[in-house]
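*Asks:* model this:
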Amino acid sequence: MIATIPDRDSLAEHGIAVRGRVYWHPTTSQLYSHALARGEARLAEGGPLVVDTGAHTGRSPKDKFIVREPGSESRIWWDEVNAEISEDDFDRLRERVAARLGEVDVYVIDAFAGSDPAHRIGVRVITESPWHALFAKTLFIDPTGDELADMETDALVLHAPSVTAVPEEDGTRSGTFVCLHPSRTEVVIGGTYYAGEIKKSIFTVMNDRLPLEGVLPMHCSANVDDSGRVAVFFGLSGTGKTTLSADPSRHLIGDDEHGWADEGVFNFEGGCYAKVIRLSAEAEPQIYATTRTFGTVLENVVMDEGGILDLDDDSKTENTRAAYKLEQIANALPAKRAGHPSSVVFLTADAFGILPPIARLSREQAMYWFLSGFTAKLAGTEIGVTEPQPTFSACFGAPFLPQPPGVYARMLGEKLDRHRATVWLVNTGWTGGPFGEGHRMPIQATRSLLDAALSDGFAGVEFRTDPVFGFDVPTAAATAYVGLLNPRLTWADPAAYDANARELAGRFRKNFERFGDVAPGIAAAGPA
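*Replies:* Numbering: from 1, shown residues only. Got it, this is the predicted structure:
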């Protein structure tokens, strides 16, 4: 039921004294109307809602905090990823956000995170912004009418982007704050209009909660073929999780966040949040179609006065985004869950141009690469990133790990041992040289080689052992892109390749020094 008159007691349980209107479970059309009437969005040809997130066009990882409190502090990975904030500072920010929400009209979205009923949580998002409410409604899982009637709030997000912190008073780094109180399972967000902070905050909640239930949370996309063979694709933003999992020949389970439980893999979300910069109707037809569809929220996409989109225009940011319901992908799996993976894919955007387009990893190598989480941060995905930067992000998702990486790595190893999944390393980054000299790996090449890997197309093919990194690389493939399989031969100067390969290997070894407590076999599985 949608409330269109003030309900002054409806949010009292959350400490919000309502003076405006409360819009409970608003429809997509209603949220469109409000966002357009308030001048906070524009309507594009075909029906998507186009919004501008202002100064913040990506996540603000240095403005993310976890409350240090007795109920959780012993399990939190306290480092630069999880900066601490006191309960007093959290309560001060929460009070300020709640006061703002009490002054204005607010929108309430109740939804689930987690498609597996045994491991899902009820999420309530309360926001001052209609288009952010639409984002939450799109990205989380809609409850049925019966579920809504009995739903309990397990996680609360108080979202007021117009509220800014005072660093010297509030214990923050800037005016932006994204704060999680683990024991209360409350998130307060202010100082940023970038909607991705909402979903990633709940991802962090799930990353903390699920290991306590014996479930591995994963920063990955997932799909399944008609025979029930599941593949999961780990990777940071911009490495191809969304693009490669939206495969017309397979059924999409989800594009970003999943759990691996005793029964199989399940999606956390009800929607997708895809990068759309320079999106091609030919290479990515299904995702491209969502940018011309009612219900899609487009962030920072340029359009002209006639409502015509220009997906090639990066004048606002490289990190242009589309939020759309999973059902907009024609072959999406309605249940959003399937069995155990037979293939695990690690996606990396190698800005050095050293890694092959595909390689097979042993169990120990898989653990080494999972803990290393090597990739390149791509332009726009975080504030200050303007060109690819080589980086190591533990478990391919360090910004969202509240607990130490070893917790998740141990669980992955147990899953691999139990279900005997084959692990593949796929480079979606550069070939023929490093960034600035070589060129980006053709998406068609990646799709072709992945198809072979997921369908046993490399059965009977000879593999070579890479002399530096030790993984196995196929020497042949039934594809026009077989020439990319040996990256050394794609460089104009093989000696320069060798030097860069040694440099990258050294970076791996230096990074892995922080994992001194791993088993010797895993530590030895890195580059020579």
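
*Asks:* Name the nearest residue to E103, sequence neighbours excluded.
*Replies:* R19 (6.1 Å; CB to CB, 6 or more residues apart in numbering). Glycine gets a C-beta too; all of them are placed from N, C-alpha and C.

*Asks:* State the helix or strand in which the one you found lies.
*Replies:* Assigning secondary structure by DSSP states H and E places R19 outside every helix and strand.

*Asks:* my read: it touches D105, true?
*Replies:* No - checked against CB atoms under 8 Å, the pair R19 and D105 is beyond contact range at 9.6 Å.

*Asks:* State the three-state secondary structure for Y107.
*Replies:* strand (DSSP: H, G, I helix; E, B strand; the rest coil).

*Asks:* pretty sure it contacts R124?
*Replies:* No - counting by CB under 8 Å, R124 is not a contact partner of Y107; they are 11.1 Å apart.

*Asks:* Flag the shaky bits of the stretch 351-500 of the chain, pLDDT-wise.
*Replies:* Applying pLDDT under 70 to the stretch 351-500 of the chain picks out residues 378-388.

*Asks:* Could I get the full set of helices for it?
*Replies:* 363-372, 405-419, 443-454, 494-512 (DSSP state H, counting those that start in this stretch).

*Asks:* between Y107 and R124, which one's more packed in?
*Replies:* Using other CB atoms under 10 Å as the criterion, Y107 and R124 rank with Y107 on top: 28 against 19.

*Asks:* Report the secondary structure state of the residue lying closest to that one once chain neighbours are set aside.
*Replies:* By the measure of CB to CB, 6+ apart, the closest residue to Y107 outside its immediate chain neighbours is A133, 3.6 Å from it. Here A133 is recorded as helix under three-state DSSP.

*Asks:* Next: the one 5 residues further on.
*Replies:* Three-state secondary structure (criterion: three-state DSSP) places T138 in helix.

*Asks:* which residues sit in contact with it?
*Replies:* If you count contacts by CB atoms under 8 Å, 6 or more residues apart in numbering, T138 has them with 270-271, 295-297, 323-325.

*Asks:* So which of those sit within strands?
*Replies:* If you go by DSSP state E, these have 271, 297, 323-325 in strands.

*Asks:* Take those residues and lay them out in JSON lines including pLDDT, distance to G196 and neighbour count.
*Replies:* Shown next, in JSON lines, are these (pLDDT from 0 to 100; distance: CB to CB, whole Å; neighbours: other CB atoms under 10 Å):
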{"residue": "G271", "pLDDT": "97", "distance to G196": "12", "neighbour count": "29"}
{"residue": "V297", "pLDDT": "98", "distance to G196": "11", "neighbour count": "28"}
{"residue": "A323", "pLDDT": "98", "distance to G196": "9", "neighbour count": "27"}
{"residue": "Y324", "pLDDT": "97", "distance to G196": "14", "neighbour count": "24"}
{"residue": "K325", "pLDDT": "97", "distance to G196": "17", "neighbour count": "20"}
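
*Asks:* The residues you listed: which two are farthest apart?
*Replies:* Farthest-apart pair in the ones in strands among the contacts of T138 is V297 and K325; separation 10.6 Å (CB to CB).

*Asks:* mind checking how far the residue lying closest to T28 once chain neighbours are set aside is from L139?
*Replies:* Counting by CB to CB, 6+ apart, G295 is the residue found nearest to T28 once chain neighbours are left out, at 5.4 Å. G295 is 12 Å from L139, where distance means CB to CB, to the nearest Å.

*Asks:* Tell me which of the two has more neighbours.
*Replies:* L139 (30 against 21).

*Asks:* Identify the bridge partners of the closest residue to the more buried one other than its chain neighbours.
*Replies:* What sits nearest to L139 in space, not counting adjacent residues and going by CB to CB, 6+ apart, is G271, at 4.4 Å. For G271, the beta-bridge assignment (DSSP bridges) gives partners K325.

*Asks:* pretty sure G271 is touching I329, no?
*Replies:* No - here G271 lies out of contact with I329, judged by CB under 8 Å, at a distance of 10.0 Å.

*Asks:* Where does R92 sit, in terms of helix or strand?
*Replies:* R92 belongs to helix 87-103, assigned by DSSP H and E.

*Asks:* follow-up on the earlier one: among the helices of the stretch 351-500 of the chain, which is the most enclosed?
*Replies:* Most buried of the helices of the stretch 351-500 of the chain by mean neighbour count (mean count of other CB atoms under 10 Å) is helix 363-372; its value is a mean of 23.

*Asks:* What angle do helix 494-512 and that helix make with each other?
*Replies:* 80 degrees (axes from the mean of the first three to the mean of the last three CA atoms, to 10 degrees).
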